[in-house]
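1. need a 3D model of the sequence below.
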Amino acid sequence: MKDDHIINIIESAPLGSLSESEIMLVRVHVESCPSCRRAYQAAELSAVLIKERTAEAIEPSPFFQTRVMAAWREQQVIEKVPAFWRLWKSAGALVSTLTVTTAALAAFSFLTPSSASLTSQETAVAASPYSAESVVLDRNQGEEQMSYDQVLNTIYVNDDEAR
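-> Numbering: from 1, shown residues only. Okay, the predicted model is just below:
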């Protein structure tokens, strides 16, 4: 262990679980390496602190058992209430509001006059005689409108007469 440091050995396991040969290697190396000596001392100190801390017995507060038992009994009472009832308590207002809204919308749609229930497309067609469909397919032309042939005859006949 000329250039090897013992940090890997110390970090791999607690000092109490190292074998005799590993402890001897660590002690021999610590005598010649100050940085490893500090690491070894820190590992020893942490082992002592952990040992002391685990030896302490922590007593719960005097009313700890009473509070735990009261919470447990309360949980048992809650579990006896049916799941549907708990769900209804949390979502009942929402479900009731949605039901009333749906009923109101259904009543408005059945009670309004049927002539007033034109779709937006039917309303647009009724308002304007020049819908895209009527222009493209040449529908809904009244008698007051001229056909393409009439327009062309009018243009060219007037040109021939003018010459």
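
2. care to break the chain down by domain?
-> Listed by automatic domain parsing, the domain ranges of the chain are 7-55, 123-162.

3. quick one: secondary structure of Ala57?
-> Put simply, Ala57 is coil when judged by DSSP: H, G, I helix; E, B strand; the rest coil.

4. tally of neighbours for it?
-> 5 (other C-beta atoms under 10 Å). For every residue, glycine as well, the C-beta is placed using N, CA and C.

5. any idea how far Arg67 is from it?
-> Using C-beta to C-beta, to the nearest Å, we find Ala57 at a distance of 20 Å from Arg67.

6. can you flag the weakest of the domains of the chain by average pLDDT?
-> Among those, domain 123-162 has the lowest mean pLDDT, at a mean of 64.

7. longest helix of this structure?
-> helix 83-111 (DSSP state H).

8. and whichever strand or helix holds Arg67, how far from the chain's centre?
-> Per DSSP states H and E, Arg67 falls inside helix 64-80. Centre-to-centre, helix 64-80 and its host chain are 33 Å apart (C-alpha atoms, centre = their mean, to the nearest Å).

9. cool, stretch 68-86 as well?
-> 29 Å.

10. CA-only coordinates of the strand or helix carrying Glu31 in CSV, if you can.
-> Using DSSP H and E, Glu31 sits in helix 20-32. Output in CSV follows, covering the C-alpha atoms of helix 20-32 (Å, rounded to 0.1, in the frame of the first residue of the first chain):
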residue,chain,number,x,y,z
GLU,A,20,-8.6,-7.8,11.6
SER,A,21,-6.3,-7.7,8.5
GLU,A,22,-8.1,-4.6,7.1
ILE,A,23,-7.8,-2.8,10.5
MET,A,24,-4.1,-3.6,10.7
LEU,A,25,-3.6,-2.2,7.1
VAL,A,26,-5.5,0.9,8.0
ARG,A,27,-3.5,1.5,11.2
VAL,A,28,-0.1,1.0,9.5
HIS,A,29,-1.1,3.4,6.7
VAL,A,30,-2.5,6.0,9.1
GLU,A,31,1.0,6.3,10.8
SER,A,32,2.6,7.6,7.6
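
11. buried stuff in that helix?
-> Glu22, Leu25, Val26, His29, Val30 (16 or more other C-beta atoms under 10 Å).

12. show me which pair in those is furthest apart.
-> Glu22 and Val30 (12.4 Å; C-beta to C-beta).

13. how many residues are close by the residue lying closest to Gly16 once chain neighbours are set aside?
-> Using C-beta to C-beta, 6 or more residues apart in numbering and skipping residues adjacent in sequence, the residue nearest Gly16 is Ala47, 6.3 Å away. Neighbour count for Ala47, taken as other C-beta under 10 Å: 13.
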